[in-house]
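[1] Output the structure for:
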Amino acid sequence: MSERPFAAPRLARPNSSDQPADRITPSGALALLRHGWSAPRSAQSVVLLLSLWLLATTNWALWLRLPHLEGYDGSLTALTLRLLPLGLGGILMLLSLTAWPRGMKPLWIALLVVAGCAQYFMIAYGTVMDSGMVGNIMQTDWRESSDLFNPKLLVQLLLVAGLPTVWLVQLPIIRPRRTMQTMLRTVALLAAALLLLAISVFASYRELAPVVRNNLWMRHMLNPVSPVLATLDAALKPILRPNRPFASIAAGATLGATYAAERKPPLFVIVVGETARAANWGLNGYGRDTTPELARRKVLNWSNVTSCGTSTRESVPCMFSHLGRAGFYKSKVDYDNLVDVLYNAGLAVLWLDNQAGCKGVCERIPNASTADRLDTAEGKALCSSDGECLDGIMLSGLDKRIAALPADRRERGVVLVMHEMGSHGPAYYKRSTPETKVFQPECLTNALSSCTREQVVNVYDNSIRYNDHFLSQTIDWLAGQQSHYQTAMLYMSDHGESLGEMGIYLHGMPYAMAPDEQKHIPMVAWLGNLGDRTRVSETCLRGQLDQPLSHDNLYHTTLGLLDVVSPTYQKSQDAFAACRS
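    Numbers count the residues shown, from 1 in each chain. All right, here's what the predicted structure looks like:
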């Protein structure tokens, strides 16, 4: 369509001489609205209108959190007025890249949908949309993803994307005859957005800089700019980043002197917990008895332990690395990990998953999923119709799984890693059995913000209570294996969880800004008779249960307990070293 002006419709005038001649009648106003709704527009004007709409309708997660800023006691009205032009400039700069007359309608509608979804999750769970969160979404399987869907998400999409989508579908877009004219208008629009941003930053930097430094989450809240940039970063980084070199640390691993003596081989279970936070762990002094069965078994419980990350995608590879958190994130090289070292040393190693995969940790060793137990009697009792299972399913058929490992390796020893579903949210009500639902009433929806604080804490605590039961069952199973093996168990959660503190739910916040609830985790050990192998004094360990530990200690503590010799072992990072005679 060629570019041409459009005349406004003639408005009906009243016949009565005592009424003003320029008064607009209802029919005239309706005609004016119809014309404004369906009048052809340039791509640049569409982008400007969409930017204003997105600023007004999709950034309530930011506005609602402003009253809870840390280190700011100024006027919220003044702060909002400073943020508005910054927000408009950022959104307009992003959308100006789409200000072209052909083929942009599907992209504009997609942006509206993305913004609506992002706003729902940011308001409902208090999360932010950074590249780490998008990466978590990409690595989540359909069972976990289904727990996040809620009718309120559809309502949010309709409110944000419904009206502008109907408008865009029927809207004629003006197509200038010359391509250069379109390019000049688009460049001008981009320049205007940049100018608005520059002026806003210059005028407000002194006031906004300290606010943002004290509240780093604000950098990830502009919608849809943050989710779009985060998605591009998560999607393109693996493509654009050159292949990292791989270096093996497993080749030098050997079994220590204790394996030369005639004694029972070790059977060591590492339980990788999911979303258990230390604050709600009964053994840590929590006001509720969420760990009664572990307490009866007199396990070792460390109360001051931190995670490597705030999501499974980050924490699981990091906790099995020899590098520790600082080295893991700085490394430019990929290494094999703890289970590879144990396997190369000659032990039988098995990774058993009741989660959305091992995040690359188990790809070089034998591994299995509980999905292969769905058709068994235990599977029918412990698994739902969508294939999601309670962690007790990992004990089903476990003897057969171990018996299927190579006999020569089993004779040296067995290491079993169990990756839990644990307390994975937001559908916490699925993570416990009727017998462990002792705290009532529960939040029976995945829309956690619609439940009371008491209901959310109750349903989460019930999932911890079930985890306590599963770990105790695992200890009982290990105790039954002591006629053939020296047995022990070590449990560490991968990260913690937010339960509504400061309006934040779930996990996955950037580590630097994440609350302690997402980083402070439980750690438990039951040494059985395996501690005798390397002369670990349990009495000594009980005197050190308040020492600060982290995921950094898992690698070295495991090697020390199992007497596996490796050049990568660091005695200073072995949590049991000081109590080994």
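
[2] got a list of what Glu538 touches?
    By Cβ atoms under 8 Å, 6 or more residues apart in numbering, the contact list for Glu538 reads Leu300, Leu527, Gly531, Cys579. For glycine as for every other residue, the C-beta is placed from the backbone atoms N, C-alpha and C.

[3] how does it look with 7 Å?
    Shown in contact with Glu538 (Cβ atoms under 7 Å, 6 or more residues apart in numbering): Leu300, Leu527, Gly531.

[4] And for Gly324?
    Asp552.

[5] Report the central residue of this structure.
    Per Cα atoms, centre = their mean, the C-alpha nearest to the average position across the chain is that of Gly508, at 3.6 Å.

[6] Could you pull up phi and psi at the residue lying closest to it once chain neighbours are set aside?
    Nearest residue to Gly508 in three dimensions, chain neighbours excluded: Ser311, at 4.4 Å (Cβ to Cβ, 6 or more residues apart in numbering). Dihedral angles of Ser311 (phi, psi; degrees, to the nearest 10) stand at phi -150, psi 160.

[7] residues touching Ser311, list them.
    Ser311 is in contact with Gly132, Asn136, His495, His507, Gly508, counting by Cβ under 7 Å, 6+ apart.

[8] One more: Thr436?
    Contacts of Thr436 by Cβ under 7 Å, 6+ apart are Asn462, Arg465, Tyr466, His469.

[9] Just give me the closest of those residues to Leu347.
    When these are compared for distance to Leu347 (Cβ to Cβ), His469 wins out at 28.6 Å.

[10] three-state assignment of that closest one?
    At His469 the chain is in helix, as set by DSSP: H, G, I helix; E, B strand; the rest coil.

[11] let's have the chain start at 608 instead
    Sure, I'll start counting at 608 from here, so that last one is His1076.

[12] so how many other residues sit close to Arg1017?
    Arg1017: 18 surrounding residues under other Cβ atoms under 10 Å.

[13] which residue ranges form the strands in the stretch 808-957 of the chain?
    853-854, 861-862, 873-880, 907-913, 941-942, 955-960 (DSSP state E, counting those that start in this stretch).

[14] Can you tell me which of those is packed in deepest?
    Highest mean neighbour count among these (mean count of other Cβ atoms under 10 Å): strand 873-880, with a mean of 24.

[15] For it, which outside residues touch it?
    Identification of contacts with strand 873-880 by Cβ under 7 Å, 6+ apart yields 923, 1020-1027, 1029, 1074, 1078, 1081, 1085, 1088, 1092-1101, 1137, 1140, 1165, 1169.

[16] 6 Å instead?
    Outside strand 873-880, the residues within contact range by Cβ atoms under 6 Å, 6 or more residues apart in numbering are 1020-1027, 1029, 1088, 1092-1098, 1100-1101, 1137, 1169.

[17] How far does that strand sit from its chain's centre?
    Relative to its chain's centre, strand 873-880 lies at 24 Å (Cα atoms, centre = their mean, to the nearest Å).

[18] Check which strands are paired with that strand and give the direction for each one.
    Sheet pairing here is set by DSSP bridges, and for strand 873-880 it gives strand 1021-1026 (parallel), strand 1093-1100 (parallel).

[19] got the angle for that strand vs strand 955-960?
    In terms of direction (axes from the mean of the first three to the mean of the last three Cα atoms, to 10 degrees), strand 873-880 departs from strand 955-960 by 20 degrees.

[20] quick one, what contacts Met711?
    For Met711, the contact set (Cβ under 6 Å, 6+ apart) comprises Thr705.

[21] does the residue nearest to the centre of the chain belong to a helix or a strand, and which?
    Of the helices and strands defined by DSSP states H and E, none includes Gly1115.

[22] Look up how far Ser1179 lies from it.
    Distance from Gly1115 to Ser1179, counting by Cβ to Cβ, to the nearest Å: 31 Å.

[23] And the contacts of stretch 715-724?
    Applying Cβ under 6 Å, 6+ apart, the set of residues contacting stretch 715-724 is Leu661, Thr665, Gln763, Leu764, Val767, Ala768, Pro771, Thr772, Leu775, Asn830, Pro831, Pro834.

[24] Farthest pair within those?
    Farthest pair in the contacts of stretch 715-724 (Cβ to Cβ) is Leu775 and Pro834. Separation: 19.7 Å.

[25] So between these two, which is more surrounded?
    Legend: neighbour count by other Cβ under 10 Å for Leu775 and Pro834, higher for Pro834 (25 against 18).

[26] doesn't Phe728 make contact with the more buried one?
    No: the criterion here is Cβ atoms under 6 Å, and Pro834 misses it with Phe728 at 9.2 Å.

[27] wait, what's in contact with Arg1060?
    Residues in contact with Arg1060 (Cβ under 6 Å, 6+ apart) are Gly1107.

[28] swap that for Ser938, sorry
    Residues in contact with Ser938 (Cβ under 6 Å, 6+ apart) are Leu930.

[29] Quick check: it vs Leu930, distance?
    Ser938 is 6 Å from Leu930, by Cβ to Cβ.

[30] ditto for His1076
    Distance from His1076 to Leu930, by Cβ to Cβ: 34 Å.

[31] Over to Ser991?
    In terms of Cβ to Cβ, Ser991 sits 38 Å off from Leu930.

[32] repeat for Thr664
    For Thr664, the distance to Leu930 - Cβ to Cβ - is 45 Å.

[33] same question, Leu843
    Distance from Leu843 to Leu930, by Cβ to Cβ: 25 Å.

[34] ditto for Gly994
    35 Å.

[35] So which of these two has more stuff around it?
    Ranked by neighbour count (other Cβ under 10 Å), Gly994 and Leu930 place Leu930 first, with 18 against 13.

[36] Now for the more buried one: which residues touch it?
    Contacts of Leu930 by Cβ under 6 Å, 6+ apart are Ser938.

[37] Check which helices and strands whatever helix or strand Arg672 lives in is in contact with.
    Using DSSP H and E, the element containing Arg672 is helix 667-672. Contacts defined by 3 or more Cβ pairs under 6 Å, 6 or more residues apart in numbering; DSSP states H and E place helix 667-672 against helix 712-732.

[38] Alpha carbons of the helix it packs on, in CSV - could you do that?
    Presented in CSV, the C-alpha positions along helix 712-732 are these (Å, rounded to 0.1, in the frame of the first residue of the first chain):
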residue,chain,number,x,y,z
LYS,A,712,3.2,-9.0,12.9
PRO,A,713,4.1,-12.6,14.1
LEU,A,714,7.2,-11.3,15.8
TRP,A,715,5.2,-8.5,17.6
ILE,A,716,2.6,-11.0,18.8
ALA,A,717,5.4,-13.3,20.0
LEU,A,718,6.9,-10.5,22.0
LEU,A,719,3.5,-9.8,23.6
VAL,A,720,3.2,-13.5,24.5
VAL,A,721,6.7,-13.6,25.9
ALA,A,722,6.1,-10.5,28.0
GLY,A,723,2.8,-11.9,29.3
CYS,A,724,4.4,-15.1,30.4
ALA,A,725,7.4,-13.4,31.9
GLN,A,726,5.2,-11.1,33.9
TYR,A,727,3.2,-14.0,35.3
PHE,A,728,6.3,-15.8,36.6
MET,A,729,7.9,-12.7,37.9
ILE,A,730,4.7,-11.7,39.9
ALA,A,731,3.7,-15.2,40.9
TYR,A,732,7.1,-16.4,42.0
